[in-house]
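Trainee: Can you look at this prediction? I've put the sequence above it.
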Amino acid sequence: MHKIGFVVFPRFQLMGFAAVTAFEMANLALGEPAYEIELLSEAGGEIKSSAGFGVLTKAFDDTPYDTVMFGAGTAIEPMTPGLIAFSRRALETSRRVAAPCTGAFVLAEAGLLNGRRATTHWAFARQLQERFPAVKVEDDRIFIVDGSVWTSAGMTASIDLALAMIEKDHGQEVARSVARKLVVYHRRAGGQSQFSALLELEPKSDRIQKSIDYAKANLRALLSVEELADAAGLSPRQFSRAFRAETGQSPAKAVENLRVEAARLLMEQGRHSMDVIAVETGFADPDRMRRAFLRTLGQPPQTIRRNARDSFNIV
């Protein structure tokens with residue numbers, strides 16, 4: 001029996017319970033209660049989620065757990081001394097400690113990630129690195145295991161993390177069975193960049209937004225800095241400086257990301273050849289498109305298309 005303590009706090013996000021469901025499905029796949037889960041909080045009792053309703057929890061005590069997993073929220077919540085002390089004790093007494101998404105901040109605050117590799121949701125990765133420079137943050141990983149400490153990306157990545165735990169505990173076939181029951185991939189291809197790179201284009205000014213809208217509508221064009229600057233009503237020098245300041249990317253990188261996203265959508269629809277998609281999205285040839293996919297998504301176009309086809313056949 002693997003006893004899991006799942007730690008929640010006020011305004012925790014319910015998506016974190018996806019990992020709990022993975023362990024529940026493992027029990028079904030194994031035909032026996034291999035995992036027992038207890039919801040924990042510092043004071044015990046009802047803890048309200050970010051959705052507004054609560055769950056009943058047990059107060060922190062000296063109960064030994066095989067695994068302690070810390071929940072996450074949509075923001076970085078203040079951490080109490082009791083929570084920090086419990087996380088430190090968990091590292092000493094449990095076989096493994098896990099923190100999906102922003103839960104990594106709890107472990108970092110407790111010093112448990114010092115000198116370790118760790119990840120978190122891409123939107124919080126820079127903040128985690130700046131606040132805790134002793135942590136080796138890898139912002140493009142779905143999950144990371146460093147010794148007895150497990151961290152993962154956004155809250156749905158807690159499923160990937162749980163599947164990896166199940167595989168370690170009970171083997172690959174059980175983990176595959178759980179993945180099929182949850183209708184997810186046993187091992188997700190690529191890293192977080194496949195989700196983050198195209199979501200980071202959130203400029204503050206209308207001028208830069210106009211240039212992005214222009215690029216989206218004219219992906220077959222060259223889309224040089226001069227062309228985009230003209231759409232924004234700025235000189236090329238002013239435009240390049242303003243674009244990087246507002247988006248964190250160079251215009252060339254942003255255009256590549258937009259092309260990759262447009263090409264990915266066409267591949268998932270499955271109606272066009274790779275040659276046609278490369279031309280329609282401005283890559284001109286499949287080889288150039290392939291290199292861009294590897295840089296941005298960490299996998300080639302053929303894998304994207306194959307995964308899209310397989311997603312309709314998961315049973």
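Mentor: Yes, it's here.

Trainee: going forward, measure contacts between C-alpha atoms and count neighbours the same way
Mentor: Noted.

Trainee: what about the residue lying closest to residue 148 once chain neighbours are set aside, neighbour count?
Mentor: Excluding the flanking residues, the one nearest residue 148 by Cα to Cα, 6 or more residues apart in numbering is residue 96, at 4.5 Å. Look at residue 96: counted by other Cα atoms under 10 Å, it has 21 neighbours.

Trainee: can you check the one 3 residues further on too?
Mentor: Neighbour count of residue 99, defined by other Cα under 10 Å: 30.

Trainee: still on that earlier bit, show me the residues around the residue nearest to residue 148 that make contact.
Mentor: Contacts of residue 96 were listed using Cα atoms under 8 Å, 6 or more residues apart in numbering, and they are 66, 67, 68, 148, 149, 150.

Trainee: So residue 256: helix, strand or coil?
Mentor: For residue 256, the assignment made with DSSP: H, G, I helix; E, B strand; the rest coil gives helix.

Trainee: what do you get for residue 140?
Mentor: At residue 140 the chain is in coil, as set by three-state DSSP.

Trainee: how many neighbours does it have?
Mentor: 21.

Trainee: My guess is it contacts residue 121. True?
Mentor: No. Look at residue 140 against residue 121 with Cα atoms under 8 Å: they stay out of range, at 9.0 Å.

Trainee: Can you pull out the low-pLDDT segments for the stretch 201-315 of the chain?
Mentor: Residue ranges of the stretch 201-315 of the chain with pLDDT under 70: 201, 307-315.

Trainee: One more pass at 90, please.
Mentor: Counting by pLDDT under 90, the ranges of the stretch 201-315 of the chain that qualify are 201-204, 246-249, 257, 261-262, 264-271, 294-300, 302-315.

Trainee: can you give me the helices in it?
Mentor: 206-217, 225-232, 236-247, 251-269, 274-280, 286-296, 301-310 (DSSP state H, counting those that start in this stretch).

Trainee: Can you add distance to residue 131 and mean neighbour count and give those helices back as JSON lines?
Mentor: Listed next are these as JSON lines, based on distance: least, Cα to Cα, whole Å; neighbours: other Cα atoms under 10 Å:
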{"stretch": "helix 206-217", "distance to residue 131": "30", "mean neighbour count": "18"}
{"stretch": "helix 225-232", "distance to residue 131": "35", "mean neighbour count": "19"}
{"stretch": "helix 236-247", "distance to residue 131": "21", "mean neighbour count": "17"}
{"stretch": "helix 251-269", "distance to residue 131": "27", "mean neighbour count": "20"}
{"stretch": "helix 274-280", "distance to residue 131": "41", "mean neighbour count": "19"}
{"stretch": "helix 286-296", "distance to residue 131": "26", "mean neighbour count": "18"}
{"stretch": "helix 301-310", "distance to residue 131": "35", "mean neighbour count": "16"}
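
Trainee: Of those helices, which is nearest residue 58?
Mentor: helix 301-310 (41.2 Å; Cα to Cα).

Trainee: Including distance to residue 27, could the helices of the stretch 201-315 of the chain go into TSV?
Mentor: Listed next are the helices of the stretch 201-315 of the chain as TSV, based on distance: least, Cα to Cα, whole Å:
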stretch	distance to residue 27
helix 206-217	47
helix 225-232	55
helix 236-247	45
helix 251-269	34
helix 274-280	43
helix 286-296	37
helix 301-310	26
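
Trainee: what's the helix or strand harbouring residue 108 packed up against?
Mentor: If you go by DSSP states H and E, residue 108 is part of helix 104-109. With contacts taken as 3 or more Cα pairs under 8 Å, 6 or more residues apart in numbering; DSSP states H and E, helix 104-109 sits against helix 81-93.

Trainee: Let's test this: mean pLDDT of the helix it packs on, rounded?
Mentor: The average of the pLDDT scores along helix 81-93 is 96.
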